[in-house]
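Visitor: The following block contains a protein sequence and its predicted model.
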Amino acid sequence: MASTTTAANELLSLIEKTISMEVRVEDAEVKNVAQLMDRYGFKSKNSWASVKLPGHTVVEFWKKDLLKD
């Protein structure tokens, strides 16, 4: 099993290479997760793909530099 530091570095590397992602978020945490994703260079985008699940929202995030204002 990889060390915690190695695992964290691997995850950060994946995030840096990610273009978009969908994240299932508890309804009460949507704003906090959006702020966290913003710090990693992502912006939420309204999409037909966004869905509501019991107690959760699926939020689509895209790299900021790929979105048009």
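Guide: Ah, there it is.
Visitor: show me what contacts Leu53?
Guide: By Cβ atoms under 8 Å, 6 or more residues apart in numbering, the residues touching Leu53 are Arg24. Yep, even glycine has a C-beta here, placed from its N, CA and C like the rest.
Visitor: Show me what it is bridged to.
Guide: Beta bridges link Leu53 to His56, judged by DSSP bridges.
Visitor: What of Met21?
Guide: Bridge pairing for Met21 - DSSP bridges - gives Phe61.
Visitor: any chance you could map the helices in the protein?
Guide: Secondary structure of the chain (DSSP state H): helices located at 4-17, 30-39.
Visitor: how far off helix 30-39 does the longest one point, in degrees?
Guide: The directions of helix 4-17 and helix 30-39 differ by 80 degrees, with axes from the mean of the first three to the mean of the last three Cα atoms, to 10 degrees as the criterion.
Visitor: Touching, Ile15 and Arg39? I think so.
Guide: No: between Ile15 and Arg39 no contact is recorded; they are 10.7 Å apart, counting by Cβ atoms under 8 Å.
Visitor: When these two are compared, which one has more neighbours?
Guide: For Ile15 versus Arg39, the count of surrounding residues by other Cβ atoms under 10 Å is larger for Ile15: 14 against 7.
Visitor: OK, contacts around the more buried one?
Guide: Per Cβ under 8 Å, 6+ apart, neighbours of Ile15: Tyr40.
Visitor: do that again at 10 Å, thanks
Guide: Counting by Cβ atoms under 10 Å, 6 or more residues apart in numbering, Ile15 makes contact with Met21, Met37, Tyr40, Gly41, Phe42, Lys63.
Visitor: The nearest residue to Leu66 once chain neighbours are set aside: what's it in contact with?
Guide: What sits nearest to Leu66 in space, not counting adjacent residues and going by Cβ to Cβ, 6 or more residues apart in numbering, is Ile19, at 6.5 Å. By Cβ under 10 Å, 6+ apart, Ile19 lies in contact with Phe42, Phe61, Trp62, Lys63, Leu66.
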